[in-house]
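Asker: Give me the fold of what follows.
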Amino acid sequence: MRPLYRLGACYRMIGRYEESAKALEAMFKRDRETEANIPWDRNYLYLATTYSMMGRLEEARDLVSKAIEINPKMNAQVWRNRF
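Answerer: Down below sits the predicted model:
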């Protein structure tokens, strides 16, 4: 697992959403710059989760839409089962 994801997830779990968003946004930036071959649908959902906790619902919805475009089989039940 990638360190910035872990950091973002840990911050989110303890309610430090600003720090979580910064870590996850940095992960996005780095992955784009390196053209990482990673599951982008999950990246979008990780950040959408943090944004939703921050009340940034429009941005969260946009990210969920992007995740579904990448992986049309993704839905709330699949995501819930994963976690």
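Asker: C-alpha from now on. contacts and neighbour counts both.
Answerer: Fine.
Asker: Output stretch 30-37 as PDB - backbone C-alpha positions only.
Answerer: C-alpha atoms of stretch 30-37 as PDB (Å, rounded to 0.1, in the frame of the first residue of the first chain):
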ATOM      1  CA  ARG A  30       2.300  12.100  -7.600                       C
ATOM      2  CA  ASP A  31       0.500   9.300  -9.300                       C
ATOM      3  CA  ARG A  32      -0.500  11.500 -12.200                       C
ATOM      4  CA  GLU A  33       3.100  12.800 -12.600                       C
ATOM      5  CA  THR A  34       4.600   9.300 -12.600                       C
ATOM      6  CA  GLU A  35       1.700   8.000 -14.700                       C
ATOM      7  CA  ALA A  36       1.300   5.300 -12.100                       C
ATOM      8  CA  ASN A  37      -0.600   2.100 -13.100                       C
END
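Asker: can you pull the buried residues of that stretch?
Answerer: For stretch 30-37, the buried set under the neighbour-count rule, 16 or more other CA atoms under 10 Å, is empty.
Asker: what is the mean pLDDT for it?
Answerer: For stretch 30-37, the mean pLDDT works out to 82.
Asker: Distance check, residue 20 against residue 27.
Answerer: Residue 20 sits 11 Å away from residue 27, taking CA to CA, to the nearest Å as the criterion.
Asker: neighbour count winner among these two?
Answerer: residue 20 (26 against 20; other CA atoms under 10 Å).
Asker: hang on, isn't residue 47 packed against residue 23?
Answerer: No. Counting by CA atoms under 8 Å, residue 47 stays clear of residue 23, with 9.5 Å between them.
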